[in-house]
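**Q** Build me a model from this:
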Amino acid sequence: MGIFVAIAVPLEHPLSSISLSYFFEANYVLPPNITYPEPWTEVKRRKRNIERATVYRVLESKFESLGYSGRECLLRAICETSEYPLQHNGLIGDIVHVIFTPSTSRHEGLPRDVIEAELVGRNGNCSKYRPQCPAGLFDLIGVLA
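**A** Residues are numbered from 1 along each chain as shown. You can find the predicted model right below:
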């Protein structure tokens with residue numbers, strides 16, 4: 001048995017209509033025999049510490065699997081998120097803002113080009129990343145939505 005929940009949130013962007021979808025799925029086991037239920041082992045949660053660098057590596061791999069330059073597209077996404085802030089778009093906007101804005105967290109020892117991409121975005125000049133990455137994060141969200 002399972003539970004499925006999907007949420008679609010429209011994001012405000014001055015140049016296009018974007019919505020971001022979040023899907024949640026939970027599965028649980030039913031006892032095979034209600035008369036004689038078998039004891040099942042308890043699954044314990046372990047504490048997870050997901051660092052921004054790990055998220056960036058996963059995103060780079062995803063961009064590469066789509067046929068793009070992973071690093072350059074990640075830098076473009078960071079730049080564009082700083083250029084067009086999303087933190088006023090509800091929970092999903094806040095999450096995207098925190099992930100793609102390195103200055104929202106303590107110093108994590110991220111590479112200089114990542115920090116620079118955020119600063120370039122604040123100055124509104126993300127065009128330098130477009131030749132290396134023809135499709136940005138907002139372009140991909142618009143296509144997938």
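
**Q** give me phi/psi at the residue nearest the centre of the chain?
**A** Centroid-nearest residue in the chain: Val96, 5.8 Å away (criterion: C-alpha atoms, centre = their mean). The phi/psi pair for Val96 (degrees, to the nearest 10) reads phi -60, psi -40.

**Q** Isn't it up against Tyr84?
**A** No: with contact defined as C-beta atoms under 8 Å, Val96 and Tyr84 do not form a contacting pair (10.6 Å). For the C-beta atoms, the positions are set from N, CA and C on the backbone; glycine is no exception.

**Q** Leaving out the residues flanking it, which one is nearest to the residue nearest to the centre of the chain?
**A** The spatially closest residue to Val96, leaving aside those adjacent along the chain, is Leu86, at 5.0 Å (C-beta to C-beta, 6 or more residues apart in numbering).

**Q** in this structure, which segments are predicted with low confidence?
**A** Within the chain, the stretches with pLDDT under 70 are 1-2, 30-45, 140-145.

**Q** Strands along that one, start to end?
**A** Along the chain, counting by DSSP state E, strands occupy 2-11, 18-27.

**Q** Distance to Gly90 and mean neighbour count for those - can I get that in JSON lines?
**A** Below are those laid out as JSON lines (distance: least, C-beta to C-beta, whole Å; neighbours: other C-beta atoms under 10 Å):
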{"stretch": "strand 2-11", "distance to Gly90": "6", "mean neighbour count": "12"}
{"stretch": "strand 18-27", "distance to Gly90": "9", "mean neighbour count": "12"}
